[in-house]
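> Here's a sequence, model it:
(one chain, ligands or ions: 1)
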Amino acid sequence: MNITGKTVQLGVIGNPISHSISPQLHNTMIEKTSLDYVYSAFRVREGEVGKALDGMRALNIRGFNVTIPHKITAHDLCDEVDPFAKKMGACNTLVNTDGVIKGYNTDGPGFVRALKYKGVEVVGKSVAILGAGGAAAGVAMALADSGAAVIAIVNRTREKAEALAKKINRYHPNVATACDGYTGVDILVNTTSVGMNSDKSPVDSMDGLNENAVVCDIVYCPRETALLKMAKEAGFKTVGGIGMLINQAVIAFELFTNTKVDEKVVDYLYRMTELDKSIVLTGFMGTGKTSIGKRLCALTGAQFIDTDSLIEEKEGMSIPEIFEKHGEGYFRDVESEVIKSLAGYKGAVISTGGGAVLRRENIDTLRDSGAVIFCLKADIERVFRNIGDNTQSRPLLNGKTMDEARALLESRREAYANCDAEIDVTDCEKEQSADKILELYMGRD
Ligand code: NAP
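As a prediction, this is how the structure comes out:
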């Protein structure tokens, strides 16, 4: 990215903001479209949205995305509001044209575009929405605007479902109803937070769905939620939550830049974020598996899993304590068990201990689950530089000279060569290594 005095500024405001993947999505679109823009993240505290909007005008920042908790305030403070955002009473996108800030809401339209991307038609369909929170409102209104014939809203708190149905019916009379259940459904959408970072499903069965129904989840961590897994196993087509996240960004980008984002760029965003197979990072101690893994998660929004942490949790003690109390053989057995338990994960970034791939069975387990295994490789000087004085937490390095550590590293070379790809991180920052891994991952097959 070549930033000059002419580069147009974009960004996202929210609090907290560091977890946002909007900068990755937008900067990727900027890179792929070769437009002269740059996109940053700004933490804006509650009560300071007005100042942020003044700053936007003063600094001639072209566009902001707005995330939690500022969407309603942004709607109330901008100069003009697009009709859909007005219906929502909330804005997630602000466009500044010569000091006039216009607010939009691309969340619901992003969901509908994600359906279209997967070939799902909305006109005339019978929809059931689980949940009645902020996201449900956008999804329900956009579906009604797009021609859904019937919308059943099922929510734990019935009054919220009733309020949302009333809101939809104000614009689309008799389309929405608050319900305790549903039947004859063509499109089921989970908009509750149930399933986020857990294996819980918001429903126990696929009852009430038509034969060719589509099951959607707007939760995107993990990529394949328990609901989607259950639906897939029952033979239904599924649409995951990452599509809504991508498409709300694509629509916002189109508003910022007055361009149409090419389908190929959208495909790229899907591939970048929809890890259909887990990425496994292995390699010698101190090669940066955790920091590179977390960077990959920031780039893709994937879930980070560290097998050493799972082992410590399972055994209720630290890794040095496990080595001291039970020895390395015992540790390796527990490690293999933990790796087996990860076989069902799809689309996570999994960091394993450096010795995990010494056992062929572990490589086989990971590969059978479809994971792509990357081995991080660094010379021993870099390893020592990364680890610094912290050798106590690494029982196999504790008290070792550099030559002894080098010999241990050499003894593992053959096992590391069995991985799908080796990435030399000796002279790379974590950002470069993560980019390299992602490019290789996306270019596989
Ligand atoms: P919200 O306004 O807080 O609404 C949460 C909804 O989930 C409410 O309907 C709530 O029911 C229901 N819920 C929460 N816990 C539940 C439980 N244990 N059992 C049954 N229902 C439960 O949140 P939101 O902003 O709508 O977000 C909801 C989810 O959508 C989050 O996971 C968020 O990450 C995801 N999301 C995804 C995208 C995307 O682009 N893919 C965009 C926005 C949001 P009650 O009314 O009874 O409390």
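> Distance from the chain centre to whichever strand or helix holds Leu10, please.
In the assignment (DSSP states H and E), Leu10 maps to strand 8-14. Its chain's average C-alpha position is 19 Å from that of strand 8-14, according to CA atoms, centre = their mean, to the nearest Å.
> for it, packing partners?
Using 3 or more CB pairs under 8 Å, 6 or more residues apart in numbering; DSSP states H and E as the contact test, the elements touching strand 8-14 are helix 22-33, strand 37-43, strand 63-66. The way it works is simple: take the backbone N, C-alpha and C, and place the C-beta from them, glycine included.
> in it, what counts as buried?
Within strand 8-14, the residues that qualify as buried are 8-14, counting by 16 or more other CB atoms under 10 Å.
> re earlier: any idea which of the helices and strands packed on strand 8-14 gets closest to Ile279?
helix 22-33 (15.4 Å; CB to CB).
> and the closest residue in space to Lys125 that isn't next to it in sequence, which of the three is it?
Among residues not flanking Lys125 along the chain, Asp186 sits closest, at 4.2 Å (CB to CB, 6 or more residues apart in numbering). Recorded secondary structure, Asp186: strand (DSSP: H, G, I helix; E, B strand; the rest coil).
> Could you spell out the sheet neighbours of the longest strand along the chain, each with its direction?
Identified as the longest strand of the chain according to DSSP state E is strand 209-217. When sheet partners are counted by DSSP bridges, strand 209-217 sits next to strand 185-190 (parallel), strand 237-239 (parallel).
> Name the surrounding residues that touch the shortest one.
Applying CB atoms under 8 Å, 6 or more residues apart in numbering, the contact partners of strand 237-239 are 114-115, 118, 120, 212-217, 228, 231-232.
> Please give the centre-to-centre distance between stretch 21-33 and its chain.
A distance of 14 Å separates the centroid of the chain from that of stretch 21-33, by CA atoms, centre = their mean.
> could you list every residue that touches the residue of the chain found nearest the ligand?
Going by CB to the nearest ligand atom, the ligand is nearest to Gly133 of the chain, at 2.0 Å. Taking CB under 8 Å, 6+ apart as the criterion, Gly133 is in contact with 160, 191-193.
> Which members of the residues you listed are classed as buried?
Here, 16+ other CB under 10 Å leaves 160, 191-192 buried among these.
> for these, which one is nearest Arg367?
Closest to Arg367, out of all of the buried ones among the contacts of Gly133 and judged by CB to CB, is Thr192, at 34.7 Å.
> Enumerate the residues of the stretch 51-200 of the chain near the ligand.
Taking CB under 6 Å from any ligand atom as the measure of proximity, the stretch 51-200 of the chain contacts the ligand at 107, 131-136, 155-157, 160, 191-194, 196.
> Narrow the residues you listed to those in helices?
107, 134-136, 160 (DSSP state H).
> now stretch 418-429, how far from the centre of its chain.
On CA atoms, centre = their mean, the centre of stretch 418-429 falls 24 Å from the chain's centre.
> Can you list the buried residues in that stretch?
Going by 16+ other CB under 10 Å, stretch 418-429 has these buried residues: 419-420, 423, 425, 428.
> hang on, the earlier thing: CA atoms only: put the strand holding Leu10 into PDB for me.
Taking C-alpha atoms only, strand 8-14 is exported to PDB below (Å, rounded to 0.1, in the frame of the first residue of the first chain):
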ATOM      1  CA  VAL A   8      -8.300   9.000   1.000                       C
ATOM      2  CA  GLN A   9      -9.000   8.100   4.700                       C
ATOM      3  CA  LEU A  10     -11.500   5.600   5.800                       C
ATOM      4  CA  GLY A  11     -12.000   3.900   9.200                       C
ATOM      5  CA  VAL A  12     -14.200   2.200  11.800                       C
ATOM      6  CA  ILE A  13     -15.200   3.700  15.100                       C
ATOM      7  CA  GLY A  14     -16.300   1.700  18.100                       C
END
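> first vs last residue of stretch 364-382, how far apart are they?
29 Å (CA to CA, to the nearest Å).
> correction: stretch 190-209
14 Å.
> Pull the residues that contact the strand holding Leu10.
20, 22-23, 26, 35-44, 49, 52, 59-70, 74, 256.
> and what of stretch 88-100?
Stretch 88-100 has contacts (CB under 8 Å, 6+ apart) with 53, 56-57, 60-67, 71-72, 74-75, 78-81, 85, 101-108, 134, 137-138, 141, 248, 251-252, 255-256.
> just checking, which of the residues you listed belong to helices?
Per DSSP H, those map to helices at 53, 56-57, 71-72, 74-75, 85, 107-108, 134, 137-138, 141, 248, 251-252, 255-256.
> quick one: low-confidence parts of the protein?
389-393, 396-397, 444-445 (pLDDT under 70).
> Okay, domains of it per the record?
The chain breaks down into these domains under automatic domain parsing: 8-105+246-273, 109-240, 275-442.
> check whether the longest one contacts the ligand.
No - using CB under 6 Å from any ligand atom, we find that domain 275-442 stays clear of the ligand, coming within 9.6 Å at best.
> Mind listing what's buried along stretch 285-295?
Quick answer for stretch 285-295 (16+ other CB under 10 Å): 285-289, 291-295.
> got it, and stretch 331-344?
331-332, 334-335, 338-339, 342.
> and Val357, that one's in a helix?
Yes - according to three-state DSSP, Val357 belongs to a helix.
> From what I see, it and Asn418 are in contact.
Yes - between Val357 and Asn418 there is a contact under CB atoms under 8 Å: 6.5 Å.
> now the strands for the stretch 301-445 of the chain?
Counting by DSSP state E, counting those that start in this stretch, the stretch 301-445 of the chain has strands at residues 303-306, 348-351, 372-377, 421-424.
> Which stretch among the ones you listed is buried most, on average?
Most buried of these, by mean neighbour count (mean count of other CB atoms under 10 Å): strand 348-351, with a mean of 25.
> Can you list the strands that that strand pairs with?
Note on strand 348-351: by DSSP bridges, its sheet partners are strand 279-283 (parallel), strand 303-306 (parallel).
> got the contact list for it?
222, 275, 278-282, 289-290, 293, 296-297, 300, 302-308, 342, 366, 371.
> hmm, 7 Å instead?
222, 278-281, 289-290, 293, 296-297, 302-307, 342, 371 (CB atoms under 7 Å, 6 or more residues apart in numbering).
> likewise stretch 184-198?
120, 125-131, 133, 135-136, 139, 200-202, 208-210, 213-219, 221, 225-227, 303.
> ditto for stretch 111-125
Contacts of stretch 111-125 (CB under 7 Å, 6+ apart): 139, 142-143, 146-149, 186-187, 214, 218, 239, 243-244, 247, 251, 266.
> Quote the end-to-end distance of it.
15 Å.
> Pull out the buried positions in it.
For stretch 111-125, by 16+ other CB under 10 Å, it's 111-115, 117, 120, 122, 125.
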